[in-house]
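Asks: predicted model and sequence below, questions to follow.
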Amino acid sequence: MAVKLASLMIAVCTTIAALLLGSSLLATQPQDPAPPESPPAAQEIPNYQIPPHGYNAPTAMAVELRALAAANAAMSLVEIGRSAAGEPLLMASFAGPQFAHNPAPGTPAILVVANLEGDRLAASEVALGLCRHLASGDAAILQHAQVFVMPLANPDAATHAYSGALPWRGAPTDNDRDGRIDEDGPMDLNGDGHLLWMRVPRPEGTWLADAKDPRVSREADATAAETGVFVLSREGADADGDHERLEDGPGGIAVEANFPHRWVQYAPEAGPYQLSETESRALVDFVLLHQSIALAVVLDDEDNLAKPGKGIDNSDAQSTEALKEDAALLKLLGERLYAAEDNAAPRSAEQGKGNFADWLYFQRGILVLESALWSPPLDVKAPHEEVEGVEEVEAVDGKAEGESEGEGEAKGKKSKKDKSEKDASEEHKLLLWADAWYRGEAFQPWAPFEHAQLGTLEIGGWLPLVLHNPPAEVLPELTTNFTTFVDSLGDDLPQLRWSVEVTALDDAGVMEARAYLVCDGLLPTMTAMGRTNRQQMPLLVTLELPANGELLVGRRVQTLERLDGLGGNSEFSWIFRVPVGAEPARLRATSKTAGQALVNLEVK
């Protein structure tokens, strides 16, 4: 037994030793390589095309507007004027069935005007999309208001922008007073089909190429011992031999500089006088003829909804910010428009002088919502595909364009170096975005060029339209977001109603009526600015008595300056006599912008 057990132990040990030896030998032999792991999914690189690819030409938009009006009873189209080049200025009007043929007095209206600058083609596309949405007559907003939409407020400039030129319009002018007209404007010197920029080496130059990405041009910072190398100028030459460039380009007067508020006298682009241009005059005449406009939306380069200011206490002839009460409304509506995660708030252009939105608000008292609709995102990661000659640059945090001065001060004063770095940072982010979305085709690399007058310089820069207009594939989402927002405004408009209590004082028909006129909806019947400039009409309250009725105490007709929104109210009272068996007395309240409220005065 012991022998068998010993033999078994020897066999087990021998087996274990063999296994260990085999394992050691296997470890020393070359092994087949393990199958490679699947590479991480590459970042999806869009393959967008440069605008205006996929956009409607301005002439095509006019054709579609006419077709929509012909096919839909809820839509009508009116030519409110002609542009400088003779193109029709088309205003579309939409009304639900209850308003279509005989709108009640004071039926509120919303005005939407797009692309006054001319190069905001996306604004025109979104406004055209709104027209398609409203044309059926079933849109939610048409249950509350009429809507006026002007998708092409500046058709001449839009036509030029669509063709790749600068968005000019207007009659030829002699801006430099040399007896020649439009002889010295931008030129496509290198024949690449684009009007770009020149880096012109000059001792007085204040710009230099950024070290991280030589495509970026930034101002030199003297506090960091930096010296400017070149000046930035539009691509062009001195065509008239007066040692000046680009001083007398095509056209001359900008529509968005020709309106009365903050109009600049003697500025060439502002016109010889306020409203000298047919486009600006037509819009002003339309607004003055339609006093029911309770709210306006301007889709262009400026935006007062993404980062609205806190407002000001008092306004003057140079004001650009809304009064505090109205600014609070802009904040609420802006939060709604840009609430969706995929509807990033755009960055506003600088406040222009003599523009339409400022005239509407400061001189007419109409609340104006300004939206730039879209800006290139600044959070795009560098694509896997490298752009030739450019090292990968990480996005740098910086204050976003459009941040108010107050916000900047709250974070501490910014030095010139801080601003230079911020500008360069934003340009880096824009280039990362362009490289990802357009594979580097949105920015023309700087290339040497022998200029006949300036010598060796570089020509390059951003292609027209790309920084202000998204690829066509983004337009449907922008349009959906905006039409949804417009539909939501119906509940915000001021709506009047009566709350009354009628008491019989005797058996001969003498009654006392106590009534509250209430304003529902977010908006008041008159803006704070309307109360200041006194351009909007007050509410009219009328006691209507039947035949042989008699007013004993109170006034038959009264005016009320305004009512606040969200239940703002005012109390009225009368004592009157109504003959027994006669029709009841009625109370009527009418507002130019809030419709009317009508109630019978009967004892209950």
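Replies: Good, I have the coordinates.

Asks: neighbours of Asp566, how many?
Replies: In this structure residue 566 is Leu, not Asp. 12 (other CB atoms under 10 Å). For glycine as for every other residue, the C-beta is placed from the backbone atoms N, C-alpha and C.

Asks: identify the residues contacting it.
Replies: Cys519, Asp520, Gly521, Leu522 (CB atoms under 8 Å, 6 or more residues apart in numbering).

Asks: isn't the third one up against Leu493?
Replies: Same thing as Gly521. Yes. In this structure Gly521 lies within contact range of Leu493 using CB atoms under 8 Å: 5.2 Å.

Asks: between the two, which contacts overlap?
Replies: Ala594.

Asks: wait, isn't Leu196 in contact with Gly461?
Replies: Yes. Using CB under 8 Å, Leu196 is in contact with Gly461, at 4.5 Å.

Asks: anything in contact with each of the two?
Replies: Contacts common to Leu196 and Gly461, judged by CB under 8 Å, 6+ apart, are Gln444.

Asks: where does the stretch 51-200 of the chain have low pLDDT?
Replies: Residue ranges of the stretch 51-200 of the chain with pLDDT under 70: 98-106, 171-185.

Asks: let's go with 80 and repeat that
Replies: Scanning the stretch 51-200 of the chain for pLDDT under 80 picks out the ranges 97-106, 170-185.

Asks: tell me where it has helices.
Replies: In the stretch 51-200 of the chain, the segments counted as helices under DSSP state H, counting those that start in this stretch are 58-71, 121-135, 155-162.

Asks: so for Arg555, which of those sits nearest?
Replies: Closest of those to Arg555 is helix 121-135, at 41.2 Å (criterion: CB to CB).

Asks: and the closest one, what's buried?
Replies: For helix 121-135, a neighbour-count test (16 or more other CB atoms under 10 Å) marks 121-131, 133-135 as buried.

Asks: return the member of the residues you listed nearest to Arg556.
Replies: Nearest member of the buried residues of helix 121-135 to Arg556, counting by CB to CB, is Leu134, at 39.8 Å.

Asks: surely that closest one touches Ala140?
Replies: No. Counting by CB under 8 Å, Leu134 stays clear of Ala140, with 10.2 Å between them.

Asks: ok so, going back, dump the helices of the stretch 51-200 of the chain into TSV; add distance to Trp207 as well.
Replies: Formatted as TSV, those follow (distance: least, CB to CB, whole Å):
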stretch	distance to Trp207
helix 58-71	35
helix 121-135	29
helix 155-162	26
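
Asks: so which of those helices comes closest to Lys381?
Replies: Smallest distance to Lys381 across these (CB to CB): 24.0 Å, for helix 121-135.

Asks: what's the angle from that closest one to helix 58-71?
Replies: Counting by axes from the mean of the first three to the mean of the last three CA atoms, to 10 degrees, helix 121-135 points 10 degrees away from the direction of helix 58-71.

Asks: for helix 121-135, what is the distance to the chain centroid?
Replies: 13 Å (CA atoms, centre = their mean, to the nearest Å).

Asks: please name every helix or strand in contact with it.
Replies: On a contact count with 3 or more CB pairs under 8 Å, 6 or more residues apart in numbering; DSSP states H and E, helix 121-135 meets helix 58-71, strand 75-82, strand 88-94, strand 109-114, strand 146-150, helix 155-162, strand 293-299, helix 475-488.

Asks: I'd like these as a markdown table, with mean neighbour count and distance to Ser315 appended.
Replies: Below are the helices and strands packed on helix 121-135 laid out as a markdown table (neighbours: other CB atoms under 10 Å; distance: least, CB to CB, whole Å):
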| stretch | mean neighbour count | distance to Ser315 |
| --- | --- | --- |
| helix 58-71 | 16 | 36 |
| strand 75-82 | 16 | 29 |
| strand 88-94 | 22 | 29 |
| strand 109-114 | 25 | 21 |
| strand 146-150 | 25 | 26 |
| helix 155-162 | 25 | 30 |
| strand 293-299 | 26 | 17 |
| helix 475-488 | 18 | 27 |
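
Asks: would you turn those into TSV with distance to Thr532?
Replies: Shown next, in TSV, are these (distance: least, CB to CB, whole Å):
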stretch	distance to Thr532
helix 58-71	37
strand 75-82	28
strand 88-94	28
strand 109-114	21
strand 146-150	25
helix 155-162	33
strand 293-299	17
helix 475-488	27
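
Asks: hmm, who's touching stretch 503-512?
Replies: 502, 513-514, 552, 573-580, 582, 585, 601, 603.

Asks: thinking again about what came up before, return the member of the buried residues of helix 121-135 nearest to Trp263.
Replies: Lowest distance from Trp263 to these (CB to CB) belongs to Ala123, with 22.9 Å.

Asks: re earlier: closest to Pro546 out of the helices of the stretch 51-200 of the chain?
Replies: Shortest distance between Pro546 and the helices of the stretch 51-200 of the chain, using CB to CB, is found for helix 121-135: 41.0 Å.

Asks: what angle do the closest one and strand 88-94 make?
Replies: Using the same axes, to 10 degrees: helix 121-135 against strand 88-94 is 40 degrees.

Asks: can you state the direction angle for helix 121-135 and helix 155-162?
Replies: Angle, helix 121-135 to helix 155-162, by the same axes, to 10 degrees: 120 degrees.

Asks: export helix 121-135 as PDB, just CAs?
Replies: Only the C-alpha atoms of helix 121-135 are listed here, as PDB (Å, rounded to 0.1, in the frame of the first residue of the first chain):
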ATOM      1  CA  LEU A 121     -29.000  85.300 -46.200                       C
ATOM      2  CA  ALA A 122     -29.900  82.900 -43.400                       C
ATOM      3  CA  ALA A 123     -32.200  85.500 -41.900                       C
ATOM      4  CA  SER A 124     -34.100  85.700 -45.200                       C
ATOM      5  CA  GLU A 125     -34.300  81.900 -45.400                       C
ATOM      6  CA  VAL A 126     -35.700  81.600 -41.900                       C
ATOM      7  CA  ALA A 127     -38.200  84.400 -42.600                       C
ATOM      8  CA  LEU A 128     -39.300  82.600 -45.800                       C
ATOM      9  CA  GLY A 129     -39.700  79.400 -43.700                       C
ATOM     10  CA  LEU A 130     -41.900  81.300 -41.300                       C
ATOM     11  CA  CYS A 131     -44.000  82.400 -44.300                       C
ATOM     12  CA  ARG A 132     -44.400  78.700 -45.300                       C
ATOM     13  CA  HIS A 133     -45.500  77.900 -41.800                       C
ATOM     14  CA  LEU A 134     -48.000  80.700 -41.600                       C
ATOM     15  CA  ALA A 135     -49.500  80.300 -45.000                       C
END
